[in-house]
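> could you work out the structure for the sequence below:
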Amino acid sequence: MDCLFCKIVNGEIPSTKIYEDETVYAFADIAPQAPFHAVIVPKMHIKCADEITEENSFVVAKIFEAAAKIAKSENLEKGYRMVNNCGEEGGQTVGHLHFHLLAGRMLAWPPG
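Have a look, this model is predicted:
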């Protein structure tokens, strides 16, 4: 499989690890949009939110559990934003389910 995030999870491409457990891997975004910007991915390849099923939906809960742990460990007590992009028009650029955790500044709404 030629998936960028699968290669990062498997250690084939280096990353700055922020968090890891048996289901989830989080790493620093290479083009951060906030002072703190992590990408949180399931280790299991799921192309996008459209492919979440009854059998694999547990990974979404694990991602949000990881986000809470990351927020505590990174002292993000002022708040953070979790973002998921699905499909080309949704802004998804890597075909692997992922969430961006952004923090460290006031985040405007709606985003650009």
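> only C-alpha atoms for contact and neighbour calcs from this point on.
Fine.
> do you know how far the residue nearest to residue 93 when sequence neighbours are not counted is from residue 19?
For residue 93, ignoring the flanking residues on the chain, the nearest one in space by Cα to Cα, 6 or more residues apart in numbering is residue 87 at 7.9 Å. Distance, residue 87 to residue 19, by Cα to Cα, to the nearest Å: 26 Å.
> do the same with residue 35
17 Å.
> now do the helices in this protein.
4-9, 58-73 (DSSP state H).
> what's in contact with the last one?
Among residues not part of helix 58-73, those counted as contacts by Cα atoms under 8 Å, 6 or more residues apart in numbering are 18-19, 23-24, 40-42, 77, 80, 101.
> compare residue 35 and residue 19 (neighbour count), which wins?
residue 19 (18 against 10; other Cα atoms under 10 Å).
> if we can go back for a sec, so the residue nearest to residue 93 makes contact with residue 48?
Yes: taking Cα atoms under 8 Å as the definition, residue 87 is a contact partner of residue 48 at 7.1 Å.
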